[in-house]
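Undergrad: give me a model of this one.
(2 chains)
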Number of protein chains: 2
Amino acid sequence: MRRHRARSVLYLACPIVALTSPLLAQDARPRPFAEILGTAADTDWRTVDPENTLYLELPGGRVVIELAPDFAPRHVQNIRQLVRALRFDGGAIGRSQDNYVVQWSAVVDSMGGPTPGQGVGALPAEFEVASGALPFTPVPDGDVYAPEAGFTLGFPVGRDPATGTTWLAHCYGVVGVARGNDPGSGNGSALYVVIGHSPRHLDRNLTMVGRVVSGMEVLSILPRGSGNLGFYEDPRDRVPIRSIRVGTDVLPNEREDLRVLRTDTPLFREVIESRRHRSEDFFVHSVDRIELCNVPIPVR
Amino acid sequence: MRRHRARSVLYLACPIVALTSPLLAQDARPRPFAEILGTAADTDWRTVDPENTLYLELPGGRVVIELAPDFAPRHVQNIRQLVRALRFDGGAIGRSQDNYVVQWSAVVDSMGGPTPGQGVGALPAEFEVASGALPFTPVPDGDVYAPEAGFTLGFPVGRDPATGTTWLAHCYGVVGVARGNDPGSGNGSALYVVIGHSPRHLDRNLTMVGRVVSGMEVLSILPRGSGNLGFYEDPRDRVPIRSIRVGTDVLPNEREDLRVLRTDTPLFREVIESRRHRSEDFFVHSVDRIELCNVPIPVR
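TA: Have a look, this model is predicted:
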């Protein structure tokens, strides 16, 4: 790897590389990822608040989503209310578009659900929030889509210092609110998750409400729909939702004991560095750079 | 969208933005993607050479791969020979790792296949090629992983002017040669395809041999393996390969009549622009940028 170092410096052309970690400046390779995780202290992990957790029960298994109320407070609150009104139970996954998204709906959703009945209200968009004093761990190699990219409160984000705003990025596994052409036409009764190469051009065009922290493969392997945008043409192909529950409402012994690695620690910065500078024997060429959505957020 | 234009200019910090298309300078929005494709002339499309096509027949359906002999001539030649010796028939997909790759093998592969028997030789790595006079259509917004990114001969590539080399990029659907830690330990008897967010850190660490042009969803929905790196722990979970054939060896009436959009035309440049500047009613915020692996290469 070392023989490529001089070469790779030649194209560090973006000003943001000035943020490159001291680890590189000292020419010390970070420890491998697995070794870093192995030495993580209890304080490097956080427990997900059950009130910010959704348990999505599908025929193929359980999916756990961490909600992000700091990024979309009104939508998250509304989703909790819809879930507690059992609106999703008996709903369905109606869309699976390859290299894009899987989407599911309450029995009656804001997009027009599978069963006729009472509709629910729409909410104003929550596309971005004020950066203010939000913690921010930068990814130091620039970003095609955002002036700054990194992690805030455990989620991948883009930021713009010019506008002072932060937004959840459309990385693999991130969950958003489906809507129609009217930006205020969503309310959380129809949700989608990114299952392919991150469609970052959607950033700031949709309200993002969380991230799958367990069971992603239950969603990502669903057969793709043959209709336009991956919708299932035959209603019988839809995947029924057995139930969705807020974690608080799940019996404690039926909850997952999930810990998510904090993203505001020196250890997480070391994780980023270890993924930038691959020291495993397999790597011939360490690109010494990393893109936001390729940084893992470990869950145990 | 227009109200965001001035703001977005603030972070065009990478020198490569000087390549921004004249379309933007004239402040004219490109036509929507669907409209551009609708007006594509026959000469905007190319037929895939049957000799550079693999038909992979699985229980779930057919996958068609376009081989890229210009990027890995010896591996592509070896793959054709292995296919013609029927080495893959009766082989299996043995790995499906979420947000990463699906991998399949000949009956006996260079990694140690599912059935004991005669091994086949290894080949020197073909990680990059001389850029020379290769055509190149740039993606104008920079790239986290490569000094230049764009399209060459119908494939997404990274390039380095300093070394004068070009390499296939690990975008969704691109196919590579699995190997052990020795960079020369692969030979094409074990292949993988990217099924998640593009793992571009693998660029120049593996020999890339092509791209799936049809049937990607047959691979991407395979159940994930529960073993390390997504390998199936129980051999019975492996997905059997019915056959792999070179297109030339498939009866003409059983071939797919696939056309791939050329990437060296003014029309393809317009496709890139239309995906940078989204003009569809759905978009509130057009980011006016695009990343390599989010540019579609249409196939009909």
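
Undergrad: just give the nearest non-adjacent residue to A:E280, would you?
TA: A:P32 (5.9 Å; C-beta to C-beta, 6 or more residues apart in numbering or on different chains). Heads up, the C-betas are built off the backbone N, CA and C, glycines and all.

Undergrad: model confidence score at that neighbour, please.
TA: We have a pLDDT of 89 for A:P32.

Undergrad: that one and A:F283, how far apart?
TA: Here the criterion is C-beta to C-beta, to the nearest Å. By it, A:P32 lies 11 Å from A:F283.

Undergrad: A:L292 too?
TA: To A:F283, A:L292 is 20 Å away according to C-beta to C-beta.

Undergrad: more neighbours, A:P32 and A:F283?
TA: A:F283 (18 against 15; other C-beta atoms under 10 Å in any protein chain shown).

Undergrad: and A:P124, that one's in a strand?
TA: No. Applying DSSP: H, G, I helix; E, B strand; the rest coil, one finds A:P124 to be coil, outside a strand.

Undergrad: check contacts around the residue lying closest to it once chain neighbours are set aside.
TA: Distance criterion C-beta to C-beta, 6+ apart; nearest residue to A:P124, sequence neighbours excluded, is A:G184 at 5.1 Å. Listed by C-beta atoms under 8 Å, 6 or more residues apart in numbering or on different chains, the contact partners of A:G184 are A:A122, A:L123, A:P124, A:A125.

Undergrad: the second one: how many residues sit nearby?
TA: Right, A:L123. When neighbours are counted by other C-beta under 10 Å, A:L123 comes out with 20.

Undergrad: A:N78: neighbour count?
TA: Other residues near A:N78 come to 21 when the count uses other C-beta under 10 Å.

Undergrad: closest residue of the stretch 101-250 of chain A to chain B?
TA: In the stretch 101-250 of chain A, the residue that lies nearest chain B is A:P147 (3.7 Å; C-beta to the nearest C-beta).

Undergrad: from A:E280, how far off is that residue?
TA: Distance of A:P147 to A:E280, computed by C-beta to C-beta: 32 Å.

Undergrad: more neighbours, the two?
TA: Higher neighbour count among A:P147 and A:E280: A:P147, with 19 against 12, using other C-beta under 10 Å.

Undergrad: hmm, A:D160 and that one touching each other?
TA: Yes. Taking contacts as C-beta atoms under 8 Å, A:P147 lies within contact range of A:D160: 4.9 Å.

Undergrad: hey, where'd the strands end up in the stretch 101-250 of chain A?
TA: A:101-105, A:129-130, A:137-138, A:148-152, A:155-160, A:165-168, A:174-177, A:190-194, A:208-214, A:239-240, A:243-246 (DSSP state E, counting those that start in this stretch).

Undergrad: any chance of those strands in JSON lines, with mean pLDDT, mean neighbour count and distance to B:D44 too?
TA: Listed next are the strands of the stretch 101-250 of chain A as JSON lines, based on pLDDT from 0 to 100; neighbours: other C-beta atoms under 10 Å in any protein chain shown; distance: least, C-beta to C-beta, whole Å:
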{"stretch": "strand A:101-105", "mean pLDDT": "97", "mean neighbour count": "26", "distance to B:D44": "29"}
{"stretch": "strand A:129-130", "mean pLDDT": "98", "mean neighbour count": "14", "distance to B:D44": "43"}
{"stretch": "strand A:137-138", "mean pLDDT": "98", "mean neighbour count": "18", "distance to B:D44": "41"}
{"stretch": "strand A:148-152", "mean pLDDT": "98", "mean neighbour count": "23", "distance to B:D44": "35"}
{"stretch": "strand A:155-160", "mean pLDDT": "98", "mean neighbour count": "24", "distance to B:D44": "34"}
{"stretch": "strand A:165-168", "mean pLDDT": "98", "mean neighbour count": "24", "distance to B:D44": "36"}
{"stretch": "strand A:174-177", "mean pLDDT": "98", "mean neighbour count": "26", "distance to B:D44": "34"}
{"stretch": "strand A:190-194", "mean pLDDT": "97", "mean neighbour count": "26", "distance to B:D44": "30"}
{"stretch": "strand A:208-214", "mean pLDDT": "98", "mean neighbour count": "24", "distance to B:D44": "36"}
{"stretch": "strand A:239-240", "mean pLDDT": "98", "mean neighbour count": "16", "distance to B:D44": "38"}
{"stretch": "strand A:243-246", "mean pLDDT": "98", "mean neighbour count": "20", "distance to B:D44": "46"}
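
Undergrad: who wins for proximity to B:A178 among those strands?
TA: With C-beta to C-beta, the closest approach to B:A178 among the strands of the stretch 101-250 of chain A belongs to strand A:190-194: 26.1 Å.

Undergrad: that closest one to strand A:101-105, inter-axis angle?
TA: Angle between the axes of strand A:190-194 and strand A:101-105 is 160 degrees (criterion: axes from the mean of the first three to the mean of the last three C-alpha atoms, to 10 degrees).

Undergrad: can I get strand A:190-194 in CSV? Just the C-alpha atoms.
TA: What follows is strand A:190-194 as a C-alpha-only set of coordinates in CSV (Å, rounded to 0.1, in the frame of the first residue of the first chain):
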residue,chain,number,x,y,z
ALA,A,190,-46.0,5.6,3.5
LEU,A,191,-42.3,5.0,4.2
TYR,A,192,-39.4,3.8,2.1
VAL,A,193,-35.9,2.5,2.7
VAL,A,194,-32.9,2.8,0.4
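
Undergrad: how far out from the middle of the chain is it?
TA: Centroid separation between strand A:190-194 and its chain, computed with C-alpha atoms, centre = their mean, to the nearest Å, is 11 Å.

Undergrad: tell me the angle of that strand relative to strand A:208-214?
TA: Angle of strand A:190-194 versus strand A:208-214, following the same axes, to 10 degrees, is 60 degrees.

Undergrad: other SSEs contacting strand A:190-194?
TA: When contacts are defined as 3 or more C-beta pairs under 8 Å, 6 or more residues apart in numbering or on different chains; DSSP states H and E, strand A:190-194 sits against strand A:101-105, strand A:174-177.

Undergrad: need the ones you listed in a markdown table (columns: distance to chain B).
TA: Output for these, formatted as a markdown table (distance: least, C-beta to the nearest C-beta, whole Å):
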| stretch | distance to chain B |
| --- | --- |
| strand A:101-105 | 11 |
| strand A:174-177 | 11 |
